[in-house]
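> Pasting the sequence and the predicted coordinates here, then a few questions.
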Amino acid sequence: MAGKGGATPATYSPSLTTVKGKKKPPIFADDANWVRSDGRHFHECRPAFLRTNAVNSASGSAYAEFGNTKVIVSVFGPRESKKAMMYSDVGRLNCNVSYTTFATVHRNQGSDSKELSSMLYKALEGAIILESFPKTTVDVFALVLESGGSDLPVIISCASLALADAGILLYDLVAAVSVSCLGKNLVIDPILEEESPQDGSFMISCMPSRNEITQLTLTGEWSTPKISEVSYEARQWSYALMPVQSLQRSCGQV
């Protein structure tokens with residue numbers, strides 16, 4: 001493991017195109033010039049901010065802010081498993097996702113933590129070199145400070161960065177994004193107001209450098225052309241996050 005020392009935490013903020021001029025009211029119609037309630041066009045993501053070393057007591061940590069969605073992830077380990085078990089050639093990964101009581105407008109109304117924890121595990125498992133820490137466990141704790149929509153993709157991207165900050169060997173960082181289908185429109189990185197009336201949702205997590213998908217979730221009714229279009233748009237956004245790999249090197253990741 002690489003020691004973090006007293007180095008200044010690395011940060012990265014993707015440069016995204018902003019919409020100029022007056023905002024139009026959010027009307028879900030087949031209007032090519034329609035602008036979303038936060039000023040974005042269909043294929044624009046929210047401004048993002050990522051920072052490592054957010055929790056001093058953790059082996060590694062990261063903070064992510066995508067619009068109004070704010071997440072902090074702490075990684076502990078590798079450490080000896082508390083459960084009695086036979087020797088294993090690969091390490092174990094535990095993931096836990098929770099919401100603060102003030103994360104949503106209605107208290108304790110966050111998404112199903114068990115389901116999100118399972119999906120986070122599936123998204124990260126394929127990116128971690130588990131053989132590098134046999135008979136030990138790595139714990140990943142994600143806390144949603146504010147839920148502003150597209151929570152899971154933000155959690156996955158932030159957790160990947162926290163693992164790198166902890167010195168856990170990875171095949172590649174994992175970037176994730178979600179897309180909502182609203183009528184004939186596809187909107188990338190939806191906010192809460194757009195997730196509620198959606199006809200379908202698409203979430204993809206991938207390793208951009210390896211061009212590999214670690215998880216794909218699809219709900220609702222989708223046509224083959226729409227799936228092809230949404231896959232292309234989602235993966236383009238993951239490539240936009242690739243400069244964050246410079247943070248991987250600054251965290252001591254090989």
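Thanks, I have the structure now.

> now the strands: where do they sit in the stretch 151-254 of the chain?
Under the criterion DSSP state E, counting those that start in this stretch, the stretch 151-254 of the chain contains strands at 175-182, 185-188, 200-207, 212-220.

> Report how many residues lie close to I213.
Per other CB atoms under 10 Å, the neighbour tally for I213 reads 17. Bear in mind the C-beta positions are built from the backbone N, C-alpha and C, glycine included.

> Could you report the pLDDT at it?
At I213, the pLDDT value in this model is 88.

> where does the stretch 1-150 of the chain dip in pLDDT?
Within the stretch 1-150 of the chain, the segments meeting pLDDT under 70 span 1-35, 82-87, 105-111.

> Least reliable of the strands of the stretch 151-254 of the chain by average pLDDT, please.
strand 185-188 (a mean of 81).

> strand partners of that strand, parallel vs antiparallel please.
Strands adjacent to strand 185-188 in the sheet, as given by DSSP bridges, are strand 175-182 (antiparallel).

> Which stretches in the chain count as helices?
Assigned helices in the chain, in chain order: 113-125, 151-165, 192-195, 224-240, 245-250 (criterion: DSSP state H).

> most tightly surrounded among these?
Ranked by mean neighbour count, the helices of the chain are led by helix 151-165 with a mean of 29 (mean count of other CB atoms under 10 Å).

> what sits against the nearest residue to L93 once chain neighbours are set aside?
Spatial nearest neighbour of L93, excluding adjacent residues (CB to CB, 6 or more residues apart in numbering): V138 at 5.5 Å. Each residue near V138 by CB atoms under 8 Å, 6 or more residues apart in numbering is listed here: V75, F76, G77, P78, G91, R92, L93, N94, I128, L163, A166, I168.

> let's see 6 Å
Going by CB atoms under 6 Å, 6 or more residues apart in numbering, V138 touches G77, P78, L93.

> how close does it sit to L163?
V138 sits 8 Å away from L163, going by CB to CB, to the nearest Å.

> Using TSV, please lay out the helices of the chain together with distance to A175.
Output for these, formatted as TSV (distance: least, CB to CB, whole Å):
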stretch	distance to A175
helix 113-125	10
helix 151-165	5
helix 192-195	20
helix 224-240	4
helix 245-250	10
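
> thinking again about what came up before, would a markdown table of the strands of the stretch 151-254 of the chain with distance to S228 be doable?
Below are the strands of the stretch 151-254 of the chain laid out as a markdown table (distance: least, CB to CB, whole Å):
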| stretch | distance to S228 |
| --- | --- |
| strand 175-182 | 12 |
| strand 185-188 | 11 |
| strand 200-207 | 11 |
| strand 212-220 | 13 |
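
> and of the helices of the chain, who's closest to N53?
Taking CB to CB, helix 151-165 is the member of these nearest to N53, at 6.2 Å.

> Can I get that closest one in CSV, CA atoms only?
Extracted as CSV, the C-alpha positions of helix 151-165 are listed here (Å, rounded to 0.1, in the frame of the first residue of the first chain):
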residue,chain,number,x,y,z
ASP,A,151,-27.5,8.7,-6.9
LEU,A,152,-26.1,5.3,-7.8
PRO,A,153,-23.8,6.4,-10.6
VAL,A,154,-22.4,9.1,-8.4
ILE,A,155,-21.9,6.5,-5.6
ILE,A,156,-20.1,4.1,-8.0
SER,A,157,-17.8,6.7,-9.4
CYS,A,158,-16.9,8.1,-6.0
ALA,A,159,-16.3,4.6,-4.5
SER,A,160,-13.9,3.7,-7.3
LEU,A,161,-11.9,6.8,-6.6
ALA,A,162,-11.9,6.0,-2.9
LEU,A,163,-10.5,2.5,-3.6
ALA,A,164,-7.7,4.0,-5.6
ASP,A,165,-7.0,6.5,-2.8
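
> Alright, calling it a day.
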